[in-house]
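Q: below: sequence and its predicted model.
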Amino acid sequence: MRSNKSDQSGGRSRSAVRQSLRGLVLLFAMVVGMVPWTGAAQAHGTIINPASRAYQCWKTWGNQHTNPAMQQQDPMCWRAFQANPDTMWNWMSALRDGLGGQYQARTPDGQLCSNALSRNDTLNQPGAWKTTTVGSSFTVQMYDQASHGADYFRVYVTKQGFNPTTQRVGWGNLDLITTTGRYAPAQNISFNVSVSGRSGNHVLFVIWKASHMDQAYMWCSDINIA
């Protein structure tokens, strides 16, 4: 009889454990269901043509960033990868929150290409960045993986005589050439710009004010105006 009672007690204990486990699994599922999925919100975008500095490095060297030839063929990207590979791996996340449109006041000279993010400071360094050849009028293309849309883009280009191989970009080096209107959410956005009156190597500087919240993105693209 004692053995039989023991078996019954053990059975009740196992049943209670199973019920407790089922309860925990259900609770966990409910908690997970209440947590918002943030994957899309963490993915953003950049100017892909003419390619921003980080995007150009990632596109050209992402699959071979340890290739020794990179040091001679693309020394600026080489330095950037050596300093912080995350600058290139996260080419679509160069953003700051809550600037309230105070871009110049809150972005010091010499830090425009990194959007004043210290982790991306190599993007501010002057040097022989690879350029995209453009005409006096061309189309700027942005890729936005999360389709945030835009309140506007502000597009600047460096003044004639600016030397991107020896100078960091400051506000005084730039001319505002256009401010666009709003764009509906889409992964691919493009707009036309004119840089007439300039020739040779320049930096195209673009600010993207995303529509989903007060997020500002800033990028430098190196161009050769032919």
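A: That came through fine.
Q: I figured residue 225 hits residue 197, correct?
A: No: applying C-beta atoms under 8 Å as the test, residue 225 and residue 197 come out as separate, 9.5 Å apart. C-beta here means a position set from N, CA and C on the backbone, and glycine is covered the same way.
Q: which one's more surrounded, those two?
A: Neighbour count, other C-beta atoms under 10 Å: between residue 225 and residue 197, residue 225 has more, with 20 against 11.
Q: return the distance of the nearest residue to residue 65 once chain neighbours are set aside relative to residue 88.
A: Of all residues not flanking residue 65 in the chain, residue 81 sits nearest, at 4.8 Å (C-beta to C-beta, 6 or more residues apart in numbering). Distance, residue 81 to residue 88, using C-beta to C-beta, to the nearest Å: 6 Å.
Q: same question, residue 47
A: As for residue 47, its distance to residue 88 is 15 Å (criterion: C-beta to C-beta).
Q: pretty sure residue 54 belongs to a helix, no?
A: Yes: the assignment for residue 54 (DSSP: H, G, I helix; E, B strand; the rest coil) places it in a helix.
Q: OK, contacts around it?
A: Going by C-beta atoms under 8 Å, 6 or more residues apart in numbering, residue 54 touches 46, 80, 87-88, 91, 94, 120, 123, 219.
Q: what do you get for residue 225?
A: 134-136, 195, 198-202.
Q: give me the below-cutoff pLDDT ranges for this structure.
A: Scanning the chain for pLDDT under 70 picks out 1-43.
Q: now do the phi/psi pair for the nearest residue to residue 197 once chain neighbours are set aside.
A: Spatial nearest neighbour of residue 197, chain neighbours left out: residue 160 (7.0 Å); criterion: C-beta to C-beta, 6+ apart. Backbone torsions of residue 160, given as degrees, to the nearest 10, read phi -60, psi 130.
Q: right, and residue 160 touches residue 196 too?
A: No: contact status for residue 160 versus residue 196: not in contact, 11.0 Å apart, counting by C-beta under 8 Å.
Q: neighbour-wise, which of the two wins?
A: Each of residue 160 and residue 196 had its neighbours counted (other C-beta under 10 Å), and the higher figure belongs to residue 160 (13 against 10).
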